[in-house]
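Q: With the sequence up front, the predicted model follows.
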Amino acid sequence: MSESKRLAGEKAIEFVEDGMVVGVGTGSTVAFFIDALGRIRDRIAGAVSSSEQSTERLHRHGIEVLDLNAAGPLPLYVDGADECDPHRRLIKGGGAALTREKIIAQASTRFVCIIDPAKQVDVLGRFPLPIEVIPMARSLVAREVLARTGGQPVWREGVVTDNGNWVLDVHGLRIVDPVALEAELNQIPGVVAVGLFARRPADVVIVGGEPPLVLR
Ligand SMILES: O=C[C@H](O)[C@H](O)[C@H](O)COP(=O)(O)O
């Protein structure tokens with residue numbers, strides 16, 4: 001599996017153009033992309049990072065990490081996913097970085113998602129859906145999610161996001177209308193971000209393999 005993650009991460013380098021500021025996601029697949037980016041670091045203007053973890057790896061490669069407010073709209077965002085459906089809609093947040101990932105995806109013209117083949121599904125929901133919540137709203141959000149979706153929210157106890165918040169993982173969903181569910185869950189007070197990337201799906205999906213598959 002890590003070999004297909006490496007193949008996907010390295011293929012994504014083909015989308016990087018000279019002088020770009022590159023949006024960088026989080027996770028084990030993105031780690032391969034960052035390592036490949038390090039090999040061409042002189043050709044890029046820097047990166048905007050979605051997590052402390054990725055920032056640290058980017059710095060180790062000597063890549064400058066810029067603030068999104070200063071960088072402005074980005075031409076490219078490269079990130080992994082926990083699940084991907086045939087419409088390039090995603091579940092993300094297994095690494096608790098969903099909120100910053102969502103912000104950078106929204107700020108980017110092109111979102112290239114890099115996955116291993118096991119992440120491909122027909123219908124999203126087998127992977128528990130992460131929701132970042134304000135700590136004081138954890139129980140309220142859990143009750144609302146159960147009432148609205150029938151899914152079972154489980155607190156990812158001990159995990160604190162880079163934004164100082166907590167994560168609920170919603171089990172047992174079969175997400176037939178991801179756009180509607182994303183909108184519905186976003187309305188619950190205390191929800192910071194939902195790990196459904198349906199309103200802003202990936203533009204390109206690279207599935208790691210020999211050779212990697214590029215889906216547009
Ligand atoms: O919060 C974490 C991110 O959404 C990751 O992109 C996602 O969990 C996939 O991670 P990995 O590449 O390690 O499977």
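A: In hand now; what should we look at? Residues are numbered from 1 along each chain as shown.

Q: can you list the weak-confidence ranges in the chain?
A: Along the chain, the model assigns pLDDT under 70 to no residue.

Q: which parts of it sit against the ligand?
A: 25-29, 79-82, 92-98, 101 (Cβ under 6 Å from any ligand atom). To be clear about C-beta, it is placed using only N, CA and C from the backbone, and glycine gets the same treatment.

Q: out of these, which are inside strands?
A: If you go by DSSP state E, the residues of the chain next to the ligand have Asp79 in strands.

Q: for the chain, what spans make up the helices?
A: Along the chain, counting by DSSP state H, helices occupy 2-11, 28-39, 52-60, 68-71, 98-106, 138-149, 178-186.

Q: Please give me every residue in contact with the residue in the chain sticking out farthest from the centre.
A: Going by Cα atoms, centre = their mean, the residue of the chain most distant from its centre is Ala147, 26.4 Å out. By Cβ atoms under 8 Å, 6 or more residues apart in numbering, the contact list for Ala147 is empty.

Q: Now do it against the ligand, distance only.
A: Using Cβ to the nearest ligand atom, to the nearest Å, we find Ala147 at a distance of 26 Å from the ligand.

Q: got it, and Tyr77?
A: When distance is defined by Cβ to the nearest ligand atom, Tyr77 is 11 Å away from the ligand.

Q: residue contacts, that residue?
A: So Tyr77 contacts Val22, Gly23, Val24, Gly25, Ile104, Ala105, Ala107, Ser108, Arg110, Phe111, Val112 (Cβ under 8 Å, 6+ apart).

Q: at 6 Å what do you get?
A: Gly23, Ile104, Ala105, Ser108, Phe111 (Cβ atoms under 6 Å, 6 or more residues apart in numbering).

Q: Name the nearest of the residues you listed relative to Ile206.
A: Top of the list for closeness to Ile206, among those and by Cβ to Cβ, is Phe111 at 11.5 Å.

Q: Ala105 is in contact with the closest one, correct?
A: Yes. Judged on Cβ atoms under 6 Å, Phe111 makes contact with Ala105 at a distance of 5.1 Å.

Q: and the helices of the chain, which is most packed in?
A: Comparing those by mean neighbour count (mean count of other Cβ atoms under 10 Å), helix 98-106 ranks first with a mean of 23.
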